[in-house]
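Trainee: give me a model of this one.
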Amino acid sequence: MKHLSKKLFGLDLAGALCLTVGMIYLSVYSVKLFLPAAMPSAPEGGGTEVAIAIFGVTFALAVVAIFLLLISFIGMAIGLYSLIAALCCRRKVNAEGRLVAKKSYLALQITSSALQTVVACFTIVLAFSLTPLCFPMPVLCAACLGCTAAGAALKFRYLRAQADGGASPAQ
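Mentor: Predicted structure coming up:
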């Protein structure tokens, strides 16, 4: 049971770190990569109409960049919450791998897994509408989803073993 609790902690930690790093990349992407890649070239000619068109496009791209930055900050906050929840859950397991506080452990695990899943799925869907430069972000979010799904499957085994009186499940 001790080895299974270490695997669960490792999966929780990996999922939280993948989400946090993916959101850090999204914030860098929204500021440094998105604006130059999406900025159209200046049309030929001059005049007021061209200046207004360029201003309008630039303003719209700035709004999109701010929206992406806001999403990344929310995702980073959820990633950090998941990291803190994983560390708190580690303290709720004793040295033999037995749960000390089952209700708070379950509450932290369910909230962090649900928030990670929502943010990662939303970010993956969002990445389909962006340029190919954002490729690392959906890969990291998919890794986060994989760690969350594998952790959920192992948590069911772990909790079932806890309910059965501590019989060690096959590892």
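
Trainee: so which residues make contact with stretch 102-121?
Mentor: 12, 15-16, 19, 22-23, 74-75, 78-79, 81-82, 85-86, 88-89, 92-93, 99, 141-142, 144-145, 148, 151-152, 155, 159, 162 (CB atoms under 8 Å, 6 or more residues apart in numbering). In short, each C-beta sits where N, CA and C put it, glycine included.

Trainee: same question but for stretch 140-154, I mixed them up
Mentor: Residues from elsewhere that reach stretch 140-154, judged by CB under 8 Å, 6+ apart: 4, 7-8, 11-12, 14-16, 18-19, 21-22, 25, 113, 116-117, 119-121, 123-124, 127.

Trainee: looking at this structure, which helix or strand does the model trust least?
Mentor: One helix or strand of the chain scores below all others by mean pLDDT, DSSP states H and E: helix 34-38, with a mean of 76.

Trainee: by contact count, what packs against it?
Mentor: helix 48-91 (3 or more CB pairs under 8 Å, 6 or more residues apart in numbering; DSSP states H and E).

Trainee: mean confidence (pLDDT) on the helix it packs on, please.
Mentor: Across helix 48-91, the average pLDDT comes to 89.

Trainee: helix or strand right after it?
Mentor: Using DSSP states H and E, the next helix or strand after helix 48-91 towards the C-terminus is helix 102-127.

Trainee: buried set for that next one?
Mentor: 105, 108-109, 112-113, 115-117, 119-120, 123-124, 126-127 (16 or more other CB atoms under 10 Å).

Trainee: for stretch 26-38, same thing?
Mentor: Buried-residue list, stretch 26-38, by 16+ other CB under 10 Å: 26-27, 29-30, 33-34.

Trainee: identify, from those residues, the entry nearest to residue 64.
Mentor: residue 34 (7.3 Å; CB to CB).

Trainee: any idea how far residue 90 is from that closest one?
Mentor: Distance of residue 34 to residue 90, given as CB to CB, to the nearest Å: 37 Å.

Trainee: check the residue most central in space within the chain and give its pLDDT.
Mentor: The residue lying closest to the centre of the chain (CA atoms, centre = their mean) is residue 19, at 2.7 Å. On pLDDT, residue 19 comes in at 93.

Trainee: which strands and helices lie in contact with the host helix or strand of it?
Mentor: Take DSSP H and E as the rule and residue 19 turns out to sit in helix 2-28. In terms of contacts (3+ CB pairs under 8 Å, 6+ apart), helix 2-28 is packed against helix 48-91, helix 102-127, helix 136-163.

Trainee: closest to residue 38 out of the ones you listed?
Mentor: helix 48-91 (5.4 Å).
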